[in-house]
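Participant: Output the structure for:
(chains A and B)
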Amino acid sequence: MVKEIERAGIPIVQMANLIPVAKTVGSNKMVPTISIPYPLGDPSTSKEEQWKLRYHRVGVALDALTMDVKEQTVFKVKI
Amino acid sequence: MKKAILYINQFFGQIGGEEKADIAPEIREGLVGPAMELQKRLGEDVEVTHTVICGDNYMGSNTDGAIETILGYLEDKDFDIFFAGPAFRAGRYGSACGHIGKAVKEKFDVPVISSMNEENPGVEMFHEHIYIFKGGASAAAMRKDIKKMANFGKKILNGEVLLSAEEEGYYGRGIRRQVWLEPPVTAADRVIDMLLKKVRGEKFQTELPIPEQDMVPIAEPIKDLSKANIAIVTSGGIVPVDNPDRIQSASATRWGKYNISGLDRLESGVYKTIHAGFDPAAANADPNVIVPLDVMRAYEKEGKIGKVHDYFYSTVGTGTTQGEAARMGKEIVEHLKETNVDGVILVST
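Facilitator: Now for the predicted structure:
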């Protein structure tokens, strides 16, 4: 799906836990998530912490949409 | 007596399903689950001494730690061959078998044999590192797949002549090995034969296949995010609780688009996940952990992005073939274009 959307010229960032899989399949811009069942918020942490993490990682993904990269890139996250 | 060790996941290790996918690796003496069939197929000359079990999500999220732990378990074990799987079309399991197989191969230099369906992403990732036999789509193929793994394992252990990847039935590792042709035909004769066939429009088999890799050119980045219309797409199966498009929980062929204009977040009880490939508890309790509408709205209010697109798009990405995924992707693109979407955040699970 990522590739078909990008093929149409629409910039796309894949947020994924299994980054090696995303890379192999051919994603160009990737942001890591924290797990498979809850990519953007660990239920064992507080609502506030979950929000912070989600806000941060989605922010990284949004910025990645504006980046001019020349090769497959995994964008770094801080939390 | 030769010795073998088998790696399997929590499901085939009979510990549990998705709710146990987070369990850390363990090693057990003797045979667990598929190890029994493997032992049967290997016969009397090879003993499966241990079964290693690890949760698929644990391996996915703590790959380095899981590998280190398992290599630690194996350090004082005496074994001649290592098996992993079969993993069928299960992507996380295939990837786990590949990760551990590659690590065992590198550290202990023993042959490593697995089996996966051609749609398993583990094939693409690891076929150059370990023997991966062409396997069935589901556990219904268990016996057949184990038989292939065991037969080839016995061949290696007995020092028999190994044929090419295609003849043996595993995915080529991209290794070129010198062989004696019988009867001998020189390269010059072979290439002219091939050329003549090509000229005549006949079928011919190249001796140097170049694997195709379908990479997509990176799309032009968004110039002004503060004016951009951003859509959320997910393969995590988030849908309204009644699943109006009847998207399948696995091997999906359908997708849905759901209007979120006017919503600040996806409420539990209104939206849920129908994905059968992971424990849905967390996503059902808060669907925003997969479709992050709440923080997207925050970015919209701040003016970082122009707007959140009125719809989010959803399907289920477990057991879904790459062909179906590509078709659904193309269909989604049509909607994205009609509605002037400038960029997409795709959350996969």
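
Participant: show me where chain A has strands.
Facilitator: Per DSSP state E, chain A has strands spanning A:12-16, A:29-32, A:73-74. These are given in chain order.

Participant: which of those strands is buried the deepest?
Facilitator: Of all these, strand A:12-16 carries the top mean neighbour count, a mean of 28, counting by mean count of other Cβ atoms under 10 Å in any protein chain shown. The way it works is simple: take the backbone N, C-alpha and C, and place the C-beta from them, glycine included.

Participant: by contact count, what packs against that strand?
Facilitator: If you count contacts as 3 or more Cβ pairs under 8 Å, 6 or more residues apart in numbering or on different chains; DSSP states H and E, strand A:12-16 packs onto helix A:2-7, strand A:29-32, helix A:47-65, strand B:343-347.

Participant: Let me know the average pLDDT across the second one.
Facilitator: It refers to strand A:29-32. The predicted model assigns strand A:29-32 a mean pLDDT of 98.

Participant: Tell me which strands it pairs with, and in which orientation.
Facilitator: Strand pairing for strand A:29-32, using DSSP bridges, gives strand A:12-16 (parallel), strand A:73-74 (parallel).

Participant: ok, and what's touching it?
Facilitator: A:11-17, A:19, A:22-23, A:57, A:60-61, A:64-65, A:67, A:69, A:72-75, A:77, B:218 (Cβ atoms under 8 Å, 6 or more residues apart in numbering or on different chains).

Participant: residue contacts, the residue in the stretch 201-349 of chain B that chain A sits nearest to?
Facilitator: Closest residue of the stretch 201-349 of chain B to chain A, Cβ to the nearest Cβ: B:G329 (3.0 Å). Applying Cβ under 8 Å, 6+ apart to B:G329 gives the contacts A:1-5.

Participant: re the thing from before, with distance to B:K155 added, can I get the helices and strands packed on strand A:12-16 in TSV?
Facilitator: Rendered in TSV, the data for those read as follows (distance: least, Cβ to Cβ, whole Å):
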stretch	distance to B:K155
helix A:2-7	38
strand A:29-32	40
helix A:47-65	48
strand B:343-347	43
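
Participant: which one of those has the most crowded surroundings?
Facilitator: Across the helices and strands packed on strand A:12-16, the average number of neighbours (mean count of other Cβ under 10 Å) peaks for strand B:343-347, which reaches a mean of 27.

Participant: That one and chain A, any residue contact?
Facilitator: Yes - against chain A, strand B:343-347 shows contacts by Cβ under 8 Å from any Cβ of the partner chain at B:343-347.

Participant: which residues sit against the worst-scoring helix or strand of chain A on mean pLDDT?
Facilitator: Across the helices and strands of chain A, mean confidence by mean pLDDT, DSSP states H and E is lowest for helix A:19-25: a mean of 89. Helix A:19-25 has contacts (Cβ under 8 Å, 6+ apart) with A:2-3, A:14, A:16, A:30, A:32, A:72, A:74, B:91, B:95, B:121, B:124-125, B:322, B:348.

Participant: now the residues of strand B:343-347 next to chain A as TSV including pLDDT?
Facilitator: Shown next, in TSV, are the residues of strand B:343-347 next to chain A (pLDDT from 0 to 100):
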residue	pLDDT
B:G343	98
B:V344	98
B:I345	98
B:L346	98
B:V347	98
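
Participant: burial count for residue 70?
Facilitator: Using chain A here. Using other Cβ atoms under 10 Å in any protein chain shown, A:K70 is surrounded by 7 other residues.

Participant: That was the other one, I meant chain B.
Facilitator: Neighbour count of B:I70, defined by other Cβ under 10 Å: 24.

Participant: so how far is chain A from it?
Facilitator: To chain A, B:I70 is 18 Å away according to Cβ to the nearest Cβ, to the nearest Å.

Participant: pretty sure that residue is in contact with B:I53, am I right?
Facilitator: No - using Cβ atoms under 8 Å, B:I70 makes no contact with B:I53, being 9.8 Å away.

Participant: circling back: which of the residues of strand B:343-347 next to chain A sits closest to B:Y7?
Facilitator: B:V347 (29.3 Å; Cβ to Cβ).

Participant: need the helices for the stretch 51-200 of chain B, in chain order.
Facilitator: Along the stretch 51-200 of chain B, the stretches classed as helices by DSSP state H, counting those that start in this stretch are B:56-61, B:63-74, B:91-108, B:121-126, B:142-157, B:165-168, B:187-199.

Participant: Same list (the ones you listed) but as a markdown table, adding distance to B:Q39.
Facilitator: Output for the helices of the stretch 51-200 of chain B, formatted as a markdown table (distance: least, Cβ to Cβ, whole Å):
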| stretch | distance to B:Q39 |
| --- | --- |
| helix B:56-61 | 23 |
| helix B:63-74 | 18 |
| helix B:91-108 | 18 |
| helix B:121-126 | 24 |
| helix B:142-157 | 9 |
| helix B:165-168 | 22 |
| helix B:187-199 | 44 |
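
Participant: Kindly reformat these as CSV containing mean pLDDT and distance to B:K257.
Facilitator: Shown next, in CSV, are the helices of the stretch 51-200 of chain B (pLDDT from 0 to 100; distance: least, Cβ to Cβ, whole Å):
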stretch, mean pLDDT, distance to B:K257
helix B:56-61, 94, 28
helix B:63-74, 97, 34
helix B:91-108, 97, 25
helix B:121-126, 92, 26
helix B:142-157, 97, 38
helix B:165-168, 91, 43
helix B:187-199, 95, 47
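
Participant: What's the nearest residue in chain A when you look at chain B?
Facilitator: Counting by Cβ to the nearest Cβ, chain A gets nearest to chain B through A:E4 (3.0 Å).

Participant: Can you classify the nearest residue to that residue once chain neighbours are set aside by secondary structure?
Facilitator: The shortest distance from A:E4 to any non-neighbouring residue, by Cβ to Cβ, 6 or more residues apart in numbering or on different chains, is to B:G329 (3.0 Å). Per DSSP: H, G, I helix; E, B strand; the rest coil, the local secondary structure of B:G329 is helix.

Participant: Skipping adjacent residues, who's closest to B:M149 in space?
Facilitator: B:I113 (4.9 Å).

Participant: My read is that the one you found contacts B:K154, right?
Facilitator: No - between B:I113 and B:K154 there is no contact under Cβ under 8 Å: 10.5 Å.

Participant: Those two: which has the busier surroundings?
Facilitator: B:I113 (27 against 17).

Participant: per-residue confidence at the more buried one?
Facilitator: The model's pLDDT for B:I113 equals 98.
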